[in-house]
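In: compute the structure for the input listed below.
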Amino acid sequence: MPKQYRDLPISARLLLGGTTLAALAVATASPVSNPGGAAAYDGPVGGIKTPSRTAVSQPARRVEPARKSETEDRMSVRDWFARYDQIRRKAQMTPTERKEASKLVKKGLPRLLFGEDRSAARTLLAKLIARYQAAVAEMRQLPEISQTEDLQDAYLKYFLTARSLFSDYLRVQNSPLATDKNTGERVITRLQKRKEKLGDLDKSAKSLDRRLRKEFDLPPYRY
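Out: Numbers count the residues shown, from 1 in each chain. Have a look, this model is predicted:
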């Protein structure tokens, strides 16, 4: 410091030295010593003013929303069965149609395809094919849940198989010598075996249905 400043009071020397007492007060002030409410300053003198770390409140902690339970987030088993039952009811034969079909089947395949009952059989088959086509689409749109995925697959396979079989019944009515494009075999020669396979699929799917209803305490299926 120049000699001429040494005899001055300390406050004057600090002022002339480039650091004012006010600046020191600002630099060291805490929020408690700053009753005016302005943010305290902890940057360099003459620099850009930034709020003091002690004066800046911490950002509010983000609260994560509670995760939904599986029954809230996905379709419940009970809701799934309600929609699945509707699909089955729309696809299956009415009691009257079932009696008619039973009579036709007892008369044998030749009369069913080429005899006097050909027209009645054709009408019933066309109805069932349309229903199974709709059931396939609805079963594919039904949400998949782990508890019932096997049952959903079982009935989807049943509806697909039934639609294909009954379509081939109509095909043979129109063309008795029709052949399978993949094997070259006559379609009519395999109709009975395919009908038996469809019956096995039906029994298997219904058995699984009963087991799951018992497991989840659901009422039996009713038409």
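
In: show me where this protein has its helices.
Out: Under the criterion DSSP state H, helices of the chain are mapped to 10-16, 21-28, 70-73, 77-91, 95-106, 109-114, 118-141, 149-174, 191-215.

In: any idea which helix or strand in the protein has the lowest mean pLDDT?
Out: Lowest by mean pLDDT, DSSP states H and E among the helices and strands of the chain is helix 21-28, with a mean of 37.

In: got the domain boundaries for this protein?
Out: 1-54, 74-215 (automatic domain parsing).

In: for residue 207, which residues are in contact?
Out: By CB atoms under 8 Å, 6 or more residues apart in numbering, the contact set of residue 207 is empty. Where C-beta positions appear, they are placed from N, C-alpha and C, glycine not excepted.

In: please redo it, this time with the cut-off set to 10 Å
Out: residue 154 (CB atoms under 10 Å, 6 or more residues apart in numbering).

In: next one: it from residue 161, what distance?
Out: Separation of residue 207 from residue 161 (CB to CB, to the nearest Å): 17 Å.

In: rewinding a little: make JSON lines out of the helices of the chain and add distance to residue 180.
Out: Shown next, in JSON lines, are the helices of the chain (distance: least, CB to CB, whole Å):
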{"stretch": "helix 10-16", "distance to residue 180": "107"}
{"stretch": "helix 21-28", "distance to residue 180": "94"}
{"stretch": "helix 70-73", "distance to residue 180": "45"}
{"stretch": "helix 77-91", "distance to residue 180": "25"}
{"stretch": "helix 95-106", "distance to residue 180": "23"}
{"stretch": "helix 109-114", "distance to residue 180": "17"}
{"stretch": "helix 118-141", "distance to residue 180": "18"}
{"stretch": "helix 149-174", "distance to residue 180": "9"}
{"stretch": "helix 191-215", "distance to residue 180": "11"}
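
In: can you tell me which of these has the worst average pLDDT?
Out: Between the helices of the chain, the one with the least mean pLDDT is helix 21-28; it has a mean of 37.

In: neighbours around the residue lying closest to residue 118 once chain neighbours are set aside, how many?
Out: Leaving aside its sequence neighbours, residue 118 sits nearest to residue 173 (CB to CB, 6 or more residues apart in numbering; 6.3 Å). Using other CB atoms under 10 Å, residue 173 has 17 neighbouring residues.

In: isn't residue 173 up against residue 120?
Out: No - the criterion here is CB atoms under 10 Å, and residue 173 misses it with residue 120 at 11.8 Å.

In: tell me, what's touching the two both at once?
Out: Taking CB under 10 Å, 6+ apart as the contact rule, residue 173 and residue 120 both touch residue 112.

In: and the spatially closest residue to residue 223 that is not a sequence neighbour, what is it in contact with?
Out: In space, residue 223 comes closest to residue 89 once its chain neighbours are excluded; the distance is 6.1 Å by CB to CB, 6+ apart. Contact analysis of residue 89 by CB under 10 Å, 6+ apart lists 135, 221, 222, 223.

In: just the buried subset of the residues you listed, please.
Out: Buried by 16 or more other CB atoms under 10 Å: residue 135, out of the contacts of residue 89.

In: now for the contacts of residue 89: which two are most distant?
Out: For those, the maximum inter-member distance is 17.5 Å, found between 135 and 222 (CB to CB).
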